[in-house]
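Asker: starting from these lines, generate the structure:
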Amino acid sequence: MQTISGTLAQNTLALIGNTPLVRLKGPSDASGCDIFAKCEFANPGASVKDRAALFIVEDAESRGTIQPGGTIVEGTAGNTGIGLALVANAKGYKSIIVMPETQSREKMDTLRALGAELVLVPAAAYSNPGHFVHTSRRIAEETPNAVWANQFDNIANRRAHIVGTAEEIWQQMEGRVDGFTCAAGTGGTIAGVGLGLKAKDEKVCIALSDPHGAALYEYYAHGELKSEGSSVAEGIGQGRITANLEGAPIDTQFRISDAEGMEWVTRLLAEEGLCLGLSSGINVAGAVRLGQHLGPGKRIATILCDTGFRYLSTLYNRDWLAAKNLPVPPWLAAG
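Answerer: Residues are numbered from 1 along each chain as shown. Next comes the predicted model:
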């Protein structure tokens, strides 16, 4: 893993990670705690997934599973694909990205602009052979000199957060961390940060913030993979225990609705000037819940996963919000 020396990055891949940590005033006031958030939109691909993308590619290189001029193939909700496309460009590889056609137009346009070959497939259950993950695996198997990134079950993903994100949070918070929470997509972030922080202090409380439609809340609460409801959040929500989630040190769990997440998306933009996606809003809502759970004065960390500019056609579109029965911010309602 390459690092930044002072203010001079030795190469473009060294721009991944070492993101700022910011105290969020509204969530801190609402919880009676100090809520801090990692600004992962500051990564070159504008999301936390750049970290996993770099580690996955460099792991493949170290194992010799990709050769110069090769191709990286992945199934993704979008952000991991963007990170992989950028890392591939920087290293001289090609990229093929398989994505459900339900994801935001901005992600699709971004991937095409980055030079990735984009394959869109209908949204399907994981048990369906047409699921984007299975489709990407088949394409990788059929493409010469290609590697399947396999972000869900490739533990290079969570290693990026054990040695990177967790270490950064610990240093930035000067070793005073009472809790951490985020949602799970692949599980790499919550498992990796959880393992990394627990290695520093076993007392750090690790909480899952799970959207409706995912099955992990019931799994960690009652031992059964069971989902209820649905969510429009992209890139989070999981119905199985991925390899990245195996052994994740989850101490408690919260179920967060889209409306609760959108309340924080709206407030953080209106009150603190942060334009974020719904997964970030769900994480912040979970951080507020965790603060209330742990009690006043605690120090909680979470993840701001990506930029809201990736969702202008959805989360920041009044007609789309109204169609999904989600609250429309006053300034959008006013036209």
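Asker: when you work out contacts or count neighbours from here on, use the C-alpha atoms and nothing else.
Answerer: OK.
Asker: now do the same for G6: its pLDDT.
Answerer: Per-residue confidence at G6 stands at 60 (pLDDT).
Asker: same question for T3.
Answerer: Reading off the model, T3 has pLDDT 50.
Asker: which secondary structure state does N89 sit in?
Answerer: helix (DSSP: H, G, I helix; E, B strand; the rest coil).
Asker: chain center to stretch 29-48: distance?
Answerer: Distance of stretch 29-48 from the chain centroid (CA atoms, centre = their mean, to the nearest Å) equals 12 Å.
Asker: all further residue positions should be reported with the first residue as 833.
Answerer: Sure, I'll start numbering at 833, so the last one becomes stretch 861-880.
Asker: what does that stretch contact?
Answerer: With CA atoms under 8 Å, 6 or more residues apart in numbering as the test, stretch 861-880 has contacts from 847-849, 851-857, 859-860, 882, 911, 914-915, 918, 1001, 1119-1121, 1123-1124, 1127-1139.
Asker: so which elements touch the helix ranked longest in the chain?
Answerer: Assignment by DSSP state H gives helix 1110-1126 as the longest helix of the chain. Using 3 or more CA pairs under 8 Å, 6 or more residues apart in numbering; DSSP states H and E, the elements in contact with helix 1110-1126 are helix 857-863, strand 866-871, strand 1011-1014, strand 1037-1043, strand 1084-1088, helix 1090-1104, strand 1131-1136.
Asker: got the end-to-end distance for stretch 934-949?
Answerer: Distance across stretch 934-949, first residue to last, is 17 Å (CA to CA, to the nearest Å).
Asker: what about dumping the CA coordinates of the helix or strand encompassing D941 to PDB?
Answerer: If you go by DSSP states H and E, D941 is part of helix 937-945. As requested, the backbone C-alpha atoms of helix 937-945 are provided in PDB (Å, rounded to 0.1, in the frame of the first residue of the first chain):
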ATOM      1  CA  ARG A 937     -27.500   7.000 -14.400                       C
ATOM      2  CA  GLU A 938     -24.600   9.000 -13.000                       C
ATOM      3  CA  LYS A 939     -22.700   5.800 -12.100                       C
ATOM      4  CA  MET A 940     -23.300   4.400 -15.500                       C
ATOM      5  CA  ASP A 941     -22.100   7.600 -17.200                       C
ATOM      6  CA  THR A 942     -19.100   7.800 -15.000                       C
ATOM      7  CA  LEU A 943     -18.000   4.200 -15.800                       C
ATOM      8  CA  ARG A 944     -18.300   4.800 -19.500                       C
ATOM      9  CA  ALA A 945     -16.400   8.100 -19.200                       C
END
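Asker: so what's the gap between it and the chain middle?
Answerer: With CA atoms, centre = their mean as the basis, helix 937-945 stands 17 Å off its chain's centre.
Asker: the helix or strand following it - contacts with which helices or strands?
Answerer: The C-terminal neighbour of helix 937-945 among helices and strands, as given by DSSP H and E, is strand 949-953. For strand 949-953, the packing partners by 3+ CA pairs under 8 Å, 6+ apart come out as strand 926-932, helix 937-945.
Asker: which stretch among these is buried most, on average?
Answerer: Stretch with highest mean neighbour count among the helices and strands packed on strand 949-953: strand 926-932 (a mean of 25; mean count of other CA atoms under 10 Å).
Asker: helix or strand right after the helix or strand of the chain with the lowest mean pLDDT?
Answerer: Of all helical and strand segments in the chain, the minimum by mean pLDDT, DSSP states H and E falls on strand 836-837, at a mean of 49. For strand 836-837, the succeeding helix or strand toward the C-terminus, using DSSP H and E, is strand 840-841.
Asker: contacts only, for A1080.
Answerer: Counted by CA under 8 Å, 6+ apart, A1080 has contacts I1022, A1023, G1024, G1026, L1027.
Asker: am I right that the first one sits in a strand?
Answerer: Same thing as I1022. No - I1022 is assigned helix when assessed by three-state DSSP, not a strand.
Asker: and it, how many neighbours?
Answerer: 31 (other CA atoms under 10 Å).
Asker: and for the fourth one?
Answerer: Burial of G1026 is recorded as 30 neighbouring residues (other CA under 10 Å).
Asker: for the second one, same thing?
Answerer: Neighbour count of A1023, defined by other CA under 10 Å: 28.
Asker: quick one on the thing from earlier: and the longest helix of the chain, how far out from the chain's middle?
Answerer: Relative to the centre of its chain, helix 1110-1126 is centred 15 Å away, using CA atoms, centre = their mean.
Asker: what does stretch 865-885 give?
Answerer: Offset of stretch 865-885 from its chain centre (CA atoms, centre = their mean): 8 Å.
Asker: gap between the two ends of that stretch?
Answerer: Stretch 865-885: ends 33 Å apart by CA to CA.
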